[in-house]
Structure formats: C-alpha cells, structure tokens
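Student: build the 3D model from these lines:
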Amino acid sequence: MGNGVGSQIVKGTIWTVLMRLSIRLLGVISIIILARVLVPEDYGLVAKAVLFSGFLELITQFGFSLVLIKNQNSNKQDYDTVWTLSLIRAIGLATILICSAPYIAVYFDEPRIENLIYCYALASAISGLNNVGIIDFQKHMQFDKDFTFNLLKKLSSFVTTLTIAFIWKSYWAFPVGVLVGAIVALLSSFIMSNYRPSFSLASFGLVFNFSKWMFFYESISAISTKLDGFLLSKLSSAEELGLYTISYEVAGIPSTEVAMPVARAALPGLAKLNETPKEFRAMYEMILVSVLMIAIPAATGLSLLAEDITHVVLGSKWAAAAPLISILAFFGIARVVSACATSGLIAFGRADVLGKHSLLVLLIKLIILPVSIIYWGYIGLAYGVLLGSIISTFILLVMQQHFNTLSIKNILNKIWRVLIGVIIMAITLKILAPYFDLLRHLPVLLVLVLEILVGIMAFIITVILLCLISNWHETPEEKIYKMVVNKFGRKHVRE
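Tutor: Residues are numbered from 1 along each chain as shown. Prediction:
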C-alpha cells in the first residue's frame, strides 16, 4: 500500500510541479515585463485593493473541498453540499466587498481603490460557480487534468494582464486579468468535468464538522498572513508597500514552488494511509525531507545572490527590493514546512492542530511585527517576519512530533548533509565574490548564471562526498541515486 501510494504521490508531484512551474514561469515573465511597464506605486495601489479582498478570501476558506478529498467515499449529496456552500460563501464575500469598497477607499485615502475592489468582488462571485467535479482531479490523482485546468486559468489571466499593461500602462491590468481568469476557470470546469452540481445542503452536518476547524485555522491564519501588509499600508508609503509586495512574491518562488506541488499531491495519498500510522509517518517524513533538500539550498542561493537576481528579474529601478528578497528568501523555508504540515495534519485527521498553531503564530507576530516596523521600517518588518517564522516553524515541528506524525531527530538525521552542503555553498560564493566582481563588465545575466552554477556545483559535490563517508541508507539521496542508476542502466541495456 505504502509503495503504491508513494508512486502515485511521485507521479502526482511531477504533474503538479509541471503545473506550478508553468504557472510560475508565466508569473515570472509577467513580473519581469510589468516591472518595466509599471512603477512601484502601481503595485502598491493594487496591493492595498487586494489587501482587504485577499484577507476576506483567506478568512472565509472553510476547506470544503478538503472534505471530499479526505473522505474517499463521498457521495453526490456531499459534492452538491460543498458546491452550494462554496457558492453561498462566494456571493457573501462579493456582497461584503461591494458594500465596504467606499469605506476602504476612505480608510486608505485613495479613491481609485473603490472601483478596483468592485472588479475583484465580481471575480470572487464568478469563482463560486466553479464545477465541484474538478475536485476529483486531485482526489483521484488525475493531476494531468488538474494541470490543464489551472494552466488555462493562469494563461488567460496572463495574456489579459500583459495586453492591458502594454496598451493602457495602467494598474487596471491586474484586476481585469484576475476577472478574465475567473471566467475562463468557470467555463473550463464545466467543459472538463461531466459532473453537474445542484443545490443541496443534505450533508451540511458532515461538511461543517470538518470545516469548522479549517475555518478557525484559515481565519486566524489570514489575519497572521496579512498583518505585515496591513501594517505597511498604514505606516509606509505606497511605493514601500509595492517594494515589499513584489519582494515577498519573488522571495517565495524557489521554496514554495517546490513545496506547494508536493503538498498538493501528497494530501490524497497520505489520506489513504491515515489508518496505518507507521506507514503514514514514514511517508510524511520522506516527503518533508525531500522538499527541504531542494528548498533549503534554493532559498539560501536566492538570499546570497539577491542583488543580481533583482537586477536581472525586476530591473534597476527595483534595486531597493534586493535587501528584502535576501531576508524573505529564508522565510520561504518556513512556508515549505507549513505547506507540508497542512496536508499531513489534514490527512491525519488533526485539522484542529492547525488552528491552534495558527493562533500561536498570530500572537507571536502581534508582538514582533509592530515593534519591527515602528523602529526599523519595512526592512525591520522583513526581519520580524523571518524571526516569527523561525519560532512558529519550531513550534509546528514540536506539535507534529507530539502527535507522532514525525520525529525531529529523524528529519535532522536525513538533512544534515544538505545543511552542511548549504554552508559550503555559501562560503564558496563569498570567497569567489571578488572574482565575480571582476566580471562585472559582462552582462549581469551571464555573471548570475555563473554564480548559480558555481553554487550548485559546490552544494552537489559536498553532498556527494558526505554521502560517501556516511550512512545514507533510506535517505532521499539514496532514492535519487537509485532512480538515476535505474534510468540510465535500462537505457544502457537497451542500447
């Protein structure tokens, strides 16, 4: 059972990684182009408009779809109830946004925000109509269909956003792109799934019993997630908010684009193992360790090379974002652990633990973040976010160990080679920094590629040497080695 599920998770992860990479590639291209067409103030203005709508979106996430994924025996009543509740939620959310838009504009002293919020409200309402049948793509691990659906949504939004940005050179590119993406997603959901939902609340009790904990978790988590944005929107300029927003986005790319696909693919697989604790724990630890093997060096590399990456990706006018990206890159590792823990604890049937942890995280941030921004500005806020994430990640790991879903000792035993590899990589890049400076007459992109290649080689060589002199049985490194040997071994035999 465990091996079969593991194989499904791997296949699902590959499809989901492809989906996330495709979507992220479009996102990165969008950031690169828009950063040169628009200015930080435009990003700041949209960030203010999205702040409240995004907060409401997060705070009302009941996790309805997770009920269907976790319960392998869901029936039509369950599906229809989830669709009905999702529609009610979307209409309620849109109504609140429309009614509050004028007051939000007054609060931020920015009249232009009002119409932006109306656009986001319409997109939210349309999203509530999506066919609930598409949940089966994830539930039954049909990640190729999940890939197609999400790519269509993102691609339509991407094309719309860039077209409007080039023609109008206006911040309206963002909300209209979101609206078009919502419309395409609605149409695609009914074309790709034969399921036809109907209004029903027959399974309300079953759905609510699970969703109440997800609502508590998402509500507290939403306040925690948006706290830095709220503080910046009132205590900093629109330009600084724009810098922070795009830095937060770029900093999360290397780590979260690894974690999110794995977490998404792992949930239905781990749900199949929740009756066998030993297999569940072994599978979950391997998933977490495998993700950290990529996320830790990726985040470290981004932090070390933040200045050149900012110049290449965003352009010279965003130079002030480099220090923020350097700091927030490490925050991405905490997001990795959190993403995996969310899937693991939901599959294990302990969504209540997520709620308790999110409350602790919020209390930690309420202590750290206000002091950080008041005394040290938006750079201090970034350090506060990082400090809070370190504390909250440690708490989350301890809580999971308490419920026996992982062993911190086992995790450390399997990633110590990665940690040493990262240290050697950092030392190598620091030592060679003066030599890279001598190449500054070359294009920045070429220098950046050389720096990345040197960092990767230093990391890989260190990990390989440590594997040769240590016991690496049943580790992700061994599994990767066997996959490579099997693949090229079979190819050699065929030839």
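
Student: low-confidence ranges, the stretch 251-400 of the chain, go.
Tutor: By pLDDT under 70, the low-scoring segments of the stretch 251-400 of the chain are 254-269, 271-272, 274.

Student: tell me where it has helices.
Tutor: Along the stretch 251-400 of the chain, counting by DSSP state H, counting those that start in this stretch, helices occupy 253-271, 277-304, 306-313, 322-347, 351-402.

Student: distance to residue 129 added to those, as CSV?
Tutor: C-beta coordinates here come from the backbone N, C-alpha and C atoms, glycine included. Below are these laid out as CSV (distance: least, CB to CB, whole Å):
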stretch, distance to residue 129
helix 253-271, 23
helix 277-304, 34
helix 306-313, 36
helix 322-347, 25
helix 351-402, 26
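
Student: just send these back as CSV, with mean neighbour count too.
Tutor: Formatted as CSV, those follow (neighbours: other CB atoms under 10 Å):
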stretch, mean neighbour count
helix 253-271, 24
helix 277-304, 21
helix 306-313, 20
helix 322-347, 24
helix 351-402, 18
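
Student: wait, which of those is closest to residue 197?
Tutor: Nearest to residue 197 among those is helix 253-271 (20.5 Å), distances taken as CB to CB.

Student: residues contacting residue 429?
Tutor: With contacts defined as CB atoms under 8 Å, 6 or more residues apart in numbering, residue 429 is in contact with 304-305, 451, 454-455, 458.

Student: out of these, the closest to residue 438 would be?
Tutor: Taking CB to CB as the measure, residue 451 is the one of the contacts of residue 429 closest to residue 438, at 12.8 Å.

Student: sorry, back to before: which among the helices of the stretch 251-400 of the chain is found nearest to residue 425?
Tutor: Counting by CB to CB, residue 425 lies closest to helix 277-304 out of the helices of the stretch 251-400 of the chain; the figure is 6.5 Å.

Student: I'd like to know which elements that closest one is packed against.
Tutor: helix 2-37, helix 253-271, helix 322-347, helix 408-437, helix 444-468, helix 476-494 (3 or more CB pairs under 8 Å, 6 or more residues apart in numbering; DSSP states H and E).

Student: pLDDT on the fourth one, on average?
Tutor: Mean pLDDT, taken over the full extent of helix 408-437, equals 92.

Student: same question for stretch 164-183.
Tutor: The average pLDDT for stretch 164-183 rounds to 85.

Student: alpha carbons of it, as CSV, please.
Tutor: Provided in CSV are the C-alpha atoms of stretch 164-183 (Å, rounded to 0.1, in the frame of the first residue of the first chain):
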residue,chain,number,x,y,z
ILE,A,164,-3.8,45.8,-20.8
ALA,A,165,-0.5,46.8,-19.3
PHE,A,166,1.0,47.5,-22.7
ILE,A,167,-2.0,49.2,-24.1
TRP,A,168,-3.1,51.3,-21.1
LYS,A,169,0.1,51.2,-19.0
SER,A,170,-2.3,51.1,-16.0
TYR,A,171,-2.7,49.2,-12.7
TRP,A,172,-6.1,48.0,-14.1
ALA,A,173,-4.1,45.2,-15.8
PHE,A,174,-4.2,43.3,-12.5
PRO,A,175,-7.9,43.2,-11.6
VAL,A,176,-9.1,42.7,-15.2
GLY,A,177,-6.6,39.8,-15.6
VAL,A,178,-8.0,38.2,-12.5
LEU,A,179,-11.6,38.7,-13.7
VAL,A,180,-10.8,37.0,-17.1
GLY,A,181,-9.1,34.2,-15.4
ALA,A,182,-12.1,33.6,-13.2
ILE,A,183,-14.4,33.5,-16.2
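
Student: contacts for that stretch?
Tutor: For stretch 164-183, the surrounding residues in contact (CB under 8 Å, 6+ apart) are 33-34, 37-38, 42-43, 45-46, 49-50, 112, 116, 119-120, 122-124, 126-127, 153-154, 156-158, 160-163.

Student: can we see that at 6 Å?
Tutor: If you take CB atoms under 6 Å, 6 or more residues apart in numbering as the criterion, stretch 164-183 is touched by 34, 37, 42, 45-46, 116, 119-120, 123, 126-127, 153, 156-157, 160-161.

Student: quick one: the strands in the stretch 1-150 of the chain?
Tutor: Applying DSSP state E, counting those that start in this stretch to the stretch 1-150 of the chain gives no strands.

Student: below-threshold pLDDT in it: ranges please.
Tutor: Along the stretch 1-150 of the chain, segments meeting pLDDT under 70 span 1-40, 58-63, 70-72, 141, 143.

Student: can you map out the helices along it?
Tutor: Under the criterion DSSP H, counting those that start in this stretch, helices of the stretch 1-150 of the chain are mapped to 2-37, 40-59, 64-70, 76-107, 112-127, 135-139, 143-168.

Student: Throw those helices into JSON lines and include distance to residue 389 and mean neighbour count, thanks.
Tutor: Shown next, in JSON lines, are the helices of the stretch 1-150 of the chain (distance: least, CB to CB, whole Å; neighbours: other CB atoms under 10 Å):
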{"stretch": "helix 2-37", "distance to residue 389": "21", "mean neighbour count": "17"}
{"stretch": "helix 40-59", "distance to residue 389": "17", "mean neighbour count": "21"}
{"stretch": "helix 64-70", "distance to residue 389": "24", "mean neighbour count": "22"}
{"stretch": "helix 76-107", "distance to residue 389": "28", "mean neighbour count": "18"}
{"stretch": "helix 112-127", "distance to residue 389": "28", "mean neighbour count": "20"}
{"stretch": "helix 135-139", "distance to residue 389": "27", "mean neighbour count": "21"}
{"stretch": "helix 143-168", "distance to residue 389": "27", "mean neighbour count": "19"}
